[in-house]
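Chemist: pasting the structure only:
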């Protein structure tokens, strides 16, 4: 270790004691000067480090901490509760809970039935699949899920994306069976993907869909879905199967002769009704039931209207015959060989990620309102198994829906039993009430979808992004325009790209600031930010605010040398004391790689050529370790490494003054 | 600004003065307590911020600083020198310089001629193209380039990559003209790409090829090139055109019957000779001329041997007829329409990036040895224009070669005039000496190539990577294996992916440490690293070592809550004072985005639910600004934001003690 060994030590050997230097009597102003050693982190083998790293990556929440120091029986109970959260709340379940869950369950069922039918149409699937999907998945989720307020079922975004991606490969009008097969297969892969992410504890992958990206994506998707609904709202028969804004609008105006005034009048009236009730509930959350009940009420009312005025409303397209009965098994429809497997897998992964994002965000939101924890990886596993089971029982992709969960929460749901109640209500509908939908006009479904997705356009969030972070706003706009003009998956990819680019840009062009001393303290702060901070004569103190990586090694070297040049010019212009030391405050240099280490070496040489000495202050643990391993600390010597900028300045000044 | 306005202020209004709190007499140990305000950075408009950001991205070196405060004439001179560095050194050029440059120019010419022929064969081009490429590009570079020691010409890596990528699309034996067209077109696009990077000041893109990646890539490419040379070294006639290790080795042993003992004996003897001379020069840099002269000597010697023993050495393949004369124009051969433009562009970009990386790294290396600056963006422009001009005069991709530049430097080159001397020597060769190469055996070229590329395998650097940074080593191994078993471009892409993944991983799973106070100081340091650091009762002090981004928002929230839980368990186990405050030291949180701000809000709420108060300490300028813009500071109040951990602890403790 050479000459530096008396200041750099592994703490594990208890040797990091402070050394007290006595200051000569000529230097009265300064208190007894303490210089602290810069310690290395406790020594670890490569294997220990790898283990620590992996446990931070995959088990940051230490999921097994409950199991520590427990009896065998307790461990079994905790294990059961871990895999089936139902065992956590079931023992304490009371009649009071059941009453609340019953009311909220019926409320969300009244929303889930019309939404299920509508969203299935959005995915270009038979309406009945939407109802099937509101029956099996909620039951599975109530066994495995850890959120108490999530209302499970089909959601608009995943339905839309599945509809778009599959229609690009297969026509749902020409080959309905193949299309259905692909939808179930995509659902299966979505579930498999979600469950794998959860089981492999790779949940952090969905964190890369930042909120900014999602705000833009949701807004873009909402606009596209709403425009698509113009088909139903205007009664157009021949419509484009494309999803981009341009072909959809072209299609709307090219088929003007197909517009049906009866459809338009009915659609617009119910749309206005739905929007007004939605607005009322948003302003007064206590009146949540008005907007929750309105879709079902609209369906019933419009069906009655069509039945009563059958002769006059002949132009209105109705749902028609829906088969009675429970979910038929669909595992025989799964499609694992053939030319379309790739598109099914791709659709599965994209819808899987999107539905996870929505489900987990919704779960976390309501969990934080009621102050309980939702385990992301466990939720993923639950949603994954739910979709895999769904794909074998004629369901398509489902997750926790934001709108229905909000209604569930407001209606006072206490546990996932409300999902079971909802499933029971859907069961009754499937078994007995299907014929009632025969005369339900399609236009009402379009109105319900538009009302649901319009709420996803969060322009206030977009404005806040603009105000606080311009690059976040750029990611938001990119995903919005990408979805609108190119395609759903490319829009998303662009937005993720922008977000990742932002991280890289932060590393590639980090901020470097010149520090000064705040008089009377040991505090060194940014000179341009703190007016009271003063330059210390003979020193240039720089703080780099990023890791030293290959991506910024060249930049940092050039930039620091430019700071030195500018400081030299300033000193010359003002006739101040010449600079002798450049202190690099490494507090915010949170990591370093081999290129970074080379940069520091070269920087040291370049400064030496200008008769300047480079001093490092407060390297963090991992940086210190790497500097030590690469043997460059020897070159720095005793006066090249300090624990704080204050100690560096004091010690160096004291050593040359006497 | 609410209640916080008396501590948070823009420094531009001169209001950031310190407030002195008097401590009650019960608290004798503490000196008069100063609490400093946390300042916002000076206010800037969005436009000013954008301008600052862009200038940091594109002009970090402030290239125009020389032009400031200069007369009109000086500005003109500096401008000329800026665009044509020849004007910088030409006025001071002396006879002494010329003598040095003449010697070094002739030395590198003796290396450049055999290497030129060899590398052209490596790119599957006619050998003469290699000589052409050692004539025009050095002349252009000597006008535009800013490095004094760079020896310009074809290099092994770029030749190899061009050979691989083009052969995958077009056979150089079946369609030699088309292949040549594509090579010149790729060279044109390489030059265009390089010049654009330089002119648009996007030079930092090549920084993403980290040193670790390059070490692995070079080693992989060297192995592949060496194996390819087995064709020449063993005298095999029918050889695979693939580059991966498996088909090459298969091809070698399947064609065992074509092995020619005369070729093998001659090749191996000269290879041993070349390797020995290379080793001598490496051990004693003063004997550089031995390895520099050896390739040409070998070529001459082997040619004489073939001529003398023509009858007995009939099995040895020779270069054959080479046309005499200067570079013919080739702009008519550029190929901008047709099915292969895409492959030409792709090859151009990959070889362009690789040759830039080599050229700039070499330029910087020798510049730092002689203590002068090489401007990366200017070098890119120079290399780019040189290649664009080259593509119109029958040259393929050229750059600064590491081996020849080292010889140039050791031979005492002073300026780029040595490149001009070298070009003159090549000119003489082209005009008069071409027939002499008729009997030069191909096997000698294989031996020269192997000797050149074997030096690129830097196993010491790889070992150092392993020792210092395991993920860097992983990137190195990935690019090595990727190049060896898959393909050059995919190997590179994987390695860049690993490097970028490392940056993302650092952000996704940042380090968080618990701080303690070093007694008698205001220093707070990592408890697990500094044994003397002590926990402060009632406080949990955490330092997060990464920006707060969308990619780590969820993780940080969970991880911090886990720290709180663990601390509570520890306190309970030891019967210590209950925790009341969680201080988050934000010094190393170098940036924040909207997701990060939301995390801080939610963290504050989650801690409040456990009767804990969140206190932020020392947010950096940009973070402070965003916290302010998003109005969350109001929630933190006066006791929620401090300049240092020390002031936070002192102020909070003093407020509850009296």
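Modeler: Arrived safely. Since we're looking at a predicted model, the values are computed, not measured.
Chemist: pLDDT wise, what is the closest residue to chain B within the stretch 451-600 of chain A at?
Modeler: Residue nearest to chain B within the stretch 451-600 of chain A: residue A:550 (3.2 Å; Cβ to the nearest Cβ). Placement of C-beta: from N, CA and C, glycine included. Each residue has a pLDDT score; the one for residue A:550 is 87.
Chemist: Mind checking what secondary structure it has?
Modeler: Per DSSP: H, G, I helix; E, B strand; the rest coil, the secondary structure class of residue A:550 is coil.
Chemist: Need phi/psi at it.
Modeler: The phi/psi pair for residue A:550 (degrees, to the nearest 10) reads phi -50, psi -30.
Chemist: That one: what's it in contact with?
Modeler: Contacts here follow Cβ atoms under 8 Å, 6 or more residues apart in numbering or on different chains; on that basis residue A:550 touches A:593, A:594, A:595, A:596, B:207, B:208, B:210, B:211, B:212, B:499.
Chemist: Show me just the buried residues among the residues you listed.
Modeler: In the contacts of residue A:550, burial by neighbour count holds for A:593, A:594, A:595, A:596, B:207, B:208, B:210, B:211, B:212, B:499, counting by 16 or more other Cβ atoms under 10 Å in any protein chain shown.
Chemist: what does the stretch 251-400 of chain A put close to chain B?
Modeler: Residues of the stretch 251-400 of chain A lying near chain B by Cβ under 8 Å from any Cβ of the partner chain: A:368, A:371, A:376.
Chemist: residues near the closest residue to the last one other than its chain neighbours, how many?
Modeler: In other words, residue A:376. Counting by Cβ to Cβ, 6 or more residues apart in numbering or on different chains, residue A:203 is the residue found nearest to residue A:376 once chain neighbours are left out, at 4.4 Å. By the criterion of other Cβ atoms under 10 Å in any protein chain shown, residue A:203 has 22 neighbours.
Chemist: just curious, which of the contacts of residue A:550 is nearest to residue B:518?
Modeler: Closest approach between the contacts of residue A:550 and residue B:518, by Cβ to Cβ: residue A:596, at 27.2 Å.
Chemist: returning to that earlier point: filter the residues of the stretch 251-400 of chain A next to chain B down to the ones in helices?
Modeler: If you go by DSSP state H, those have A:368, A:376 in helices.
Chemist: neighbour-wise, which of the residues of the stretch 251-400 of chain A next to chain B leads?
Modeler: Ranking these using other Cβ under 10 Å puts residue A:376 first, with 24 neighbours.
Chemist: List the contacts of that one.
Modeler: Here residue A:376 is in contact with A:203, A:206, A:360, A:364, B:554 (Cβ under 8 Å, 6+ apart).
Chemist: What's the separation between it and residue B:516?
Modeler: Residue A:376 sits 31 Å away from residue B:516, taking Cβ to Cβ, to the nearest Å as the criterion.
Chemist: residues contacting residue A:103?
Modeler: The contact partners of residue A:103, by Cβ under 8 Å, 6+ apart, come to A:411, A:412.
Chemist: Following element in sequence after the helix or strand hosting it, please.
Modeler: Take DSSP states H and E as the rule and residue A:103 turns out to sit in helix A:95-122. Sequence order places helix A:127-132 as the next helix or strand after helix A:95-122, per DSSP H and E.
Chemist: which other residues reach that next one?
Modeler: A:113, A:115-121, A:123, A:154, A:180, A:183, A:319, A:322-323, A:327, A:393-396, A:426, A:429-430, A:434, A:437, A:445.
Chemist: Which PyMOL command selects the buried ones in the residues you listed?
Modeler: Entered in PyMOL, the line below selects the buried ones among the contacts of helix A:127-132, by 16+ other Cβ under 10 Å:
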select buried, chain A and resi 113+115+116+117+118+119+120+121+123+154+180+183+319+322+327+393+394+395+396+426+429+430+434+437+445
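Chemist: Find the closest residue to chain B in the stretch 151-300 of chain A.
Modeler: Residue of the stretch 151-300 of chain A nearest chain B, by Cβ to the nearest Cβ: residue A:210 (3.2 Å).
Chemist: Just to check, that residue is in contact with residue B:595?
Modeler: Yes - when contacts are counted by Cβ atoms under 8 Å, residue A:210 is listed as touching residue B:595 (5.6 Å).
Chemist: Kindly point out which residues are neighbours of both of the two.
Modeler: Common contact partners of residue A:210 and residue B:595 (Cβ under 8 Å, 6+ apart): B:549, B:550.
Chemist: List just the nearest of the contacts of residue A:376 to residue A:36.
Modeler: residue B:554 (36.0 Å).
Chemist: what's the distance between the closest residue to the closest one other than its chain neighbours and residue B:588?
Modeler: Nearest non-adjacent residue to residue B:554, counting by Cβ to Cβ, 6+ apart: residue A:207, 5.5 Å away. Counting by Cβ to Cβ, the gap between residue A:207 and residue B:588 amounts to 20 Å.
Chemist: sec struct for the residue nearest to the spatial centre of chain A, please.
Modeler: In chain A, the centroid-proximal residue (Cα atoms, centre = their mean) is residue A:207; its distance is 3.7 Å. For residue A:207, the assignment made with three-state DSSP gives helix.
Chemist: contacting residues around it?
Modeler: Residue A:207 makes contacts with B:508, B:550, B:551, B:552, B:553, B:554, B:555, as judged by Cβ under 8 Å, 6+ apart.
Chemist: Now the third one, what are its backbone angles?
Modeler: This means residue B:551. When read as degrees, to the nearest 10, the backbone of residue B:551 gives phi -70, psi -20.
Chemist: Find the nearest non-adjacent residue to it, please.
Modeler: In space, and not counting its chain neighbours, residue B:551 is closest to residue B:508: 4.8 Å by Cβ to Cβ, 6+ apart.
Chemist: in terms of contact, does the one you found touch residue B:554 like I think?
Modeler: No - counting by Cβ under 8 Å, residue B:508 stays clear of residue B:554, with 9.9 Å between them.
Chemist: Pull up the overlap in contacts between the two.
Modeler: The contact sets of residue B:508 and residue B:554 overlap at A:204, A:207 (Cβ under 8 Å, 6+ apart).
Chemist: ok so, going back, does the residue nearest to residue A:376 really touch residue A:380, like I thought?
Modeler: Yes - using Cβ under 8 Å, residue A:203 is in contact with residue A:380, at 5.5 Å.
Chemist: show me where chain A has strands.
Modeler: A:8-10, A:19-21, A:33-35, A:38-40, A:152-153, A:399-400, A:512-517, A:524-526, A:539-544, A:581-585, A:613-617, A:641-642 (DSSP state E).
Chemist: Now do the fifth one: which elements does it pack against?
Modeler: When contacts are defined as 3 or more Cβ pairs under 8 Å, 6 or more residues apart in numbering or on different chains; DSSP states H and E, strand A:152-153 packs onto helix A:95-122, helix A:136-144.
Chemist: ok, 10 Å please
Modeler: Judged by 3 or more Cβ pairs under 10 Å, 6 or more residues apart in numbering or on different chains; DSSP states H and E, strand A:152-153 is in contact with helix A:95-122, helix A:136-144, helix A:376-391, strand A:399-400, helix A:402-410, helix A:417-428.
Chemist: check contacts around residue A:301.
Modeler: Shown in contact with residue A:301 (Cβ atoms under 10 Å, 6 or more residues apart in numbering or on different chains): A:270, A:273, A:294, A:444.
Chemist: Could you do residue A:149 as well?
Modeler: Counting by Cβ under 10 Å, 6+ apart, residue A:149 has contacts A:104, A:362-363, A:365-367, A:369-370, A:372, A:374, A:400, A:405-406, A:408-411, A:413-416, A:418-419.
Chemist: cool, and residue A:571?
Modeler: With contact set as Cβ under 10 Å, 6+ apart, residue A:571 has these partners: A:535, A:537, A:538, A:540, A:577, A:578, A:579.
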